[in-house]
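S.K.: Fold the following.
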Amino acid sequence: MDKRTDHKEILWKPLRTEHIVNDAWIDFRKTTYLMPNGKELGPFYNMTRKNYVVVVATDEDGEYLTVKQFRQGIRKITTEFPAGGIEHIEKANPMEEAHPMAGIKEALLAAKRELREETGYESEHWEHMLTVPSAASIADNYAYIFRAKDCRRTSGQSLDDTEFMNVELASKDEISRKIFDGEFEQAVHIMAFYMDAAKEV
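M.R.: Sure thing, here's the model as predicted:
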């Protein structure tokens, strides 16, 4: 196979889009596409939401900082890493993002803020590990994954009106067990954990 192939022959071409919900939180729409074989198919549903950060944070003893909270999508309490949306305060359009890597500095500020607000911990040792699509088949937002080491507690939590969460320290083995027991369920968070674990090998 020629590695230089640009794969244009498999692109879907959007023909018509209807915005079903379009507000400050989400742009949910349906689109009809012209397929590579010339057929017109649709609707396909997709959405735009804010890019967000996930923070794989460990304290000075190497324990992971996790939070337990209710997730209304699956209607249950899960354990996960601190995470949250990137606030584009200086932009007129909160969804605006020219390129997934264009907002890396802004994403780092968001990661530091989310860690501090959700856990009360701060760190001076940060690393951007990866930026990945959140859910490529239905959404166009990205998750920025950061690693924060030697975190120290400097304050209490500072939560939003919709945030009710408990902070728990967990070892690598405990998180691994929770993953296989179905208690640590967010896919991007699981990937982030294994990326971090691989760096420590």
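S.K.: what's the following helix or strand after the helix or strand where Ile179 lies?
M.R.: Remark: Ile179 resides in helix 172-180, with elements defined by DSSP states H and E. Counting by DSSP H and E, the element after helix 172-180 in chain order, helix or strand, is helix 187-199.
S.K.: other SSEs contacting that following helix?
M.R.: Contacts defined by 3 or more Cβ pairs under 8 Å, 6 or more residues apart in numbering; DSSP states H and E place helix 187-199 against strand 52-59, strand 125-133, strand 142-153, helix 172-180. To be clear about C-beta, it is placed using only N, CA and C from the backbone, and glycine gets the same treatment.
S.K.: Kindly present those as CSV, with separate columns for distance to Leu108 and mean pLDDT.
M.R.: Shown next, in CSV, are the helices and strands packed on helix 187-199 (distance: least, Cβ to Cβ, whole Å; pLDDT from 0 to 100):
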stretch, distance to Leu108, mean pLDDT
strand 52-59, 8, 97
strand 125-133, 6, 95
strand 142-153, 7, 96
helix 172-180, 23, 96
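S.K.: wait, which of the ones you listed is closest to Phe81?
M.R.: Phe81 sits nearest to strand 52-59 of all these, at 5.4 Å, using Cβ to Cβ.
S.K.: The closest one versus helix 187-199: what angle between them?
M.R.: 40 degrees (axes from the mean of the first three to the mean of the last three Cα atoms, to 10 degrees).
S.K.: if I pick Phe70, what's in contact with it?
M.R.: Taking Cβ atoms under 8 Å, 6 or more residues apart in numbering, we find Phe70 in contact with Lys76, Ile77, Phe164.
S.K.: helices and strands around the helix holding Ile179, which ones?
M.R.: Judged by 3+ Cβ pairs under 8 Å, 6+ apart, helix 172-180 is in contact with strand 64-71, helix 187-199.
S.K.: hmm, try it at 10 Å
M.R.: strand 64-71, strand 76-80, strand 165-170, helix 187-199 (3 or more Cβ pairs under 10 Å, 6 or more residues apart in numbering; DSSP states H and E).
S.K.: No further questions, thank you.
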